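Asker: I'll drop the sequence and a predicted model, then ask my questions.
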Amino acid sequence: TSDNNKSIELNCHVKTSHTDNEDVVPQITQAKRRATHNAVERRRRDRINQHIQELSKIIPDCSNYVKNQSKTVVLEKTIAYVHELRTQNLALVKQTVDAGIILHENNLLRERIRAVEQENGVLKSLLTKQNLLNGSESSLS
């Protein structure tokens, strides 16, 4: 009867064949594999749920609504927010490029102003030397 109790106890956890003891080992191994797989899958689902909860806290549209939103709603709002951020990023990149072009043009114009001011100074000094600036104008009239 002791052997019968063991097989009954085993039958609660694992299906066994009373006729062939060799089937018991593969069935236990299969049950272990299944239990391990279930545990791994449960941890995976828990991690996914945890990350979805984190998303619901950091995505602006999600944090304003009901605490326990569906996963689908959280993911949809996350996708919409990422698209919005990408659009904003592209606009900022364009503004940065435009600002760089304007800065370059400003530098070129400053160099041109310096060159014109220098040329103007040279021409003024030539006119002064020839007494055409202030002094001779009155004698010409």
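Answerer: Looks like it came in fine.
Asker: quick one: low-confidence parts of this protein?
Answerer: Applying pLDDT under 70 to the chain flags residues 1-24, 64-67, 132-141.
Asker: So which residue is smack in the middle of it?
Answerer: By Cα atoms, centre = their mean, the mean C-alpha position of the chain lies nearest to Val82, the distance being 7.4 Å.
Asker: name the element that residue belongs to?
Answerer: For Val82, the enclosing helix or strand under DSSP states H and E is helix 71-129.
Asker: which helices and strands sit right next to that helix?
Answerer: When contacts are defined as 3 or more Cβ pairs under 8 Å, 6 or more residues apart in numbering; DSSP states H and E, helix 71-129 packs onto helix 24-58, helix 60-63. No exception for glycine: its C-beta is placed from N, CA and C like everyone else's.
Asker: distance of the residue nearest to the centre of the chain from Cys62?
Answerer: 13 Å (Cβ to Cβ, to the nearest Å).
Asker: what's the domain layout of this protein?
Answerer: 1-58, 68-141 (automatic domain parsing).
Asker: before we move on, back to that, how big is the angle separating the helix holding Val82 from helix 24-58?
Answerer: 50 degrees (axes from the mean of the first three to the mean of the last three Cα atoms, to 10 degrees).
Asker: now helix 71-129, how far from the chain's geometric center?
Answerer: Relative to its parent chain, helix 71-129 has a centroid offset of 26 Å by Cα atoms, centre = their mean, to the nearest Å.
Asker: Next, find the distance separating the closest residue to Ser63 other than its chain neighbours from Arg33.
Answerer: When the adjacent residues along the chain are set aside, Ser63 lies closest to Lys57, with 5.9 Å between them (Cβ to Cβ, 6 or more residues apart in numbering). To Arg33, Lys57 is 37 Å away according to Cβ to Cβ.
Asker: Contacts only, for Ala99.
Answerer: With contacts defined as Cβ atoms under 8 Å, 6 or more residues apart in numbering, Ala99 has no neighbours.
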